[in-house]
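In: Model the following, please.
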Amino acid sequence: MKSKNLSEKILRSIRSNGFNYIELDSVIETNHIVQRSGESFRKLIFSFIDHTGKELCLRPDLTIASCLRYLDKKLKVKEKIYYSGEAYRKSQNRKDSIIINQIGFEIFGSKNEKNDDKQIIATALKSLANISYVSGTLKIGNIEIFNLLISKLDIPKRWKLRLLRHFFREKYFNDLLKRLETNSDVDPTIVEVDKKRYQKMLKENQQRIIAGRSIEEILTRFNNKIKDPRRTSRGKKVSKIIKDFLKINCPISQAAARLNVFFKKNKINLRVDQNYFPVSKNKIAKLKVEFSTSFGRQLEYYTGMVFKVDIKNKYKNINIINGGRYNNLISDLGSKKQVPAVGAAINII
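Out: So this is what the prediction gives:
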């Protein structure tokens with residue numbers, strides 16, 4: 001009864017901020033989850049085959065179910081929605097419940113992203129006022145800043161794509177940094193063969209066509225490969241820049257200053273204004289507000305601002321709210337156009 005009363009209070013609070021209630025499907029196609037999260041996620045879901053041979057599963061995530069609804073309805077307008085219900089997910093820890101009770105709220109299709117980010121956090125904090133707790137932390141990150149940093153680094157494009165793709169797999173990402181430091185993915189034998197071919201072709205007619213390209217074009221590619229910027233010393237430098245970036249953790253009011261000092265020190269052509277962040281105060285009610293560059297790696301579909309609220313009551317620490325921006329999720333699920341999206345979920349305790 002206590003949880004039911006709490007849910008009703010939170011739902012009223014969200015509704016008062018202009019969000020409209022919707023119902024979500026409890027069963028979705030498994031491939032929507034596996035394609036988005038990888039085959040390894042399959043072991044965490046409850047799936048079955050229907051009479052047509054299609055693999056379905058109980059929704060392990062309310063956000064994906066909500067995005068599928070938006071996609072299926074072919075909506076093209078701004079929509080502010082909220083919902084409540086259960087998500088079903090297996091856990092390796094037997095003490096964890098397989099049923100997660102959540103209330104979610106989202107804004108789809110709006111171009112005023114910074115304002116929407118602020119509204120989602122404000123709605124989350126207003127809802128939190130219904131919950132009794134002693135203290136807590138609002139942690140904010142931003143995946144977009146990491147992506148911009150990687151785009152500015154002096155490494156080949158394929159390395160940039162690798163690092164961006166695997167940022168959410170922390171252990172593998174760290175292994176990639178080690179490979180970058182040691183240049184271990186380059187085969188020195190192949191490089192030497194290329195150098196010999198390069199010297200030989202310099203003496204040939206530069207306009208002669210081989211496999212659809214002139215020798216001049218081929219030599220340009222060889223030249224780039226021979227002068228590959230992934231020398232060990234440069235790889236170590238780039239790896240250190242990334243590691244130092246991911247160590248930045250500070251009160252939110254210092255976020256822009258800390259980032260700009262870092263960019264200037266490492267000669268990165270980036271600058272961040274403090275207004276870029278959805279919150280500026282270091283303390284909101286009983287919550288400390290922190291910024292962290294490494295936060296936001298728990299879900300691959302985040303693309304921009306991310307946040308979570310952890311609270312402490314008389315008995316334990318609780319992760320109560322998680323949210324962020326996921327502009328690519330609806331297009332990843334099948335939309336031909338990118339749809340701006342931001343939202344949050346409250347775990348009902």
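
In: Kindly check the end-to-end length of stretch 95-102 for me.
Out: End-to-end distance of stretch 95-102: 19 Å, with Cα to Cα, to the nearest Å as the criterion.

In: wait, I meant stretch 44-57
Out: 11 Å.

In: what's next to that stretch, contact-wise?
Out: 27-31, 33, 58, 60, 88-91, 98 (Cβ atoms under 8 Å, 6 or more residues apart in numbering). C-beta coordinates here come from the backbone N, C-alpha and C atoms, glycine included.

In: try 10 Å
Out: Here stretch 44-57 makes contact (Cβ atoms under 10 Å, 6 or more residues apart in numbering) with 25, 27-34, 37, 42, 58-61, 88-92, 98.

In: Give me the neighbour count for Lys203.
Out: Residue neighbour count, defined by other Cβ atoms under 10 Å, stands at 7 for Lys203.

In: Spit out the contact partners of it.
Out: Lys203 neighbours (Cβ under 10 Å, 6+ apart): none.

In: Name the residues linked to Val306 by a beta bridge.
Out: Beta bridges link Val306 to Gly141, Gly324 when assigned by DSSP bridges.

In: Doesn't Thr137 lie inside a strand?
Out: Yes: under DSSP: H, G, I helix; E, B strand; the rest coil, Thr137 falls within a strand.

In: does it really touch Lys312, like I thought?
Out: Yes: using Cβ atoms under 10 Å, Thr137 is in contact with Lys312, at 8.9 Å.

In: Quick check: neighbours shared by these two?
Out: Shared contacts of Thr137 and Lys312, counting by Cβ under 10 Å, 6+ apart, come down to Lys286.

In: residue ranges with poor pLDDT in this structure?
Out: Low-confidence segments of the chain, defined by pLDDT under 70: 1-2, 36-40, 183-195, 211-212, 221-233, 349.

In: Identify the residue spatially nearest to the residue nearest the centre of it, adjacent ones excluded.
Out: Nearest residue to the geometric centre of the chain (Cα atoms, centre = their mean): Tyr302, 2.7 Å. With sequence-adjacent residues excluded and distances taken as Cβ to Cβ, 6 or more residues apart in numbering, Tyr302 is closest to Gly324, at 4.6 Å.

In: Contacts only, for the one you found.
Out: By Cβ under 10 Å, 6+ apart, the neighbours of Gly324 are 63, 117, 120-121, 140-143, 295-296, 298-299, 301-308, 341-344.

In: Just the buried ones among those, please.
Out: Among the contacts of Gly324, the ones that count as buried by 16 or more other Cβ atoms under 10 Å are 63, 117, 120-121, 140-143, 295-296, 299, 301-308, 341-344.

In: How many residues are close by Asn130?
Out: Look at Asn130: counted by other Cβ under 10 Å, it has 16 neighbours.

In: Using PDB, write out the CA atom coordinates for the strand or helix carrying Ile311.
Out: Element membership for Ile311, per DSSP states H and E: strand 305-312. What follows is strand 305-312, C-alpha atoms only, in PDB (Å, rounded to 0.1, in the frame of the first residue of the first chain):
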ATOM      1  CA  MET A 305      23.300  14.700 -21.100                       C
ATOM      2  CA  VAL A 306      23.000  11.900 -18.500                       C
ATOM      3  CA  PHE A 307      22.100  12.000 -14.800                       C
ATOM      4  CA  LYS A 308      21.300   9.800 -11.800                       C
ATOM      5  CA  VAL A 309      20.000  10.500  -8.300                       C
ATOM      6  CA  ASP A 310      21.300   8.300  -5.400                       C
ATOM      7  CA  ILE A 311      19.700   8.800  -2.000                       C
ATOM      8  CA  LYS A 312      20.400   7.600   1.500                       C
END
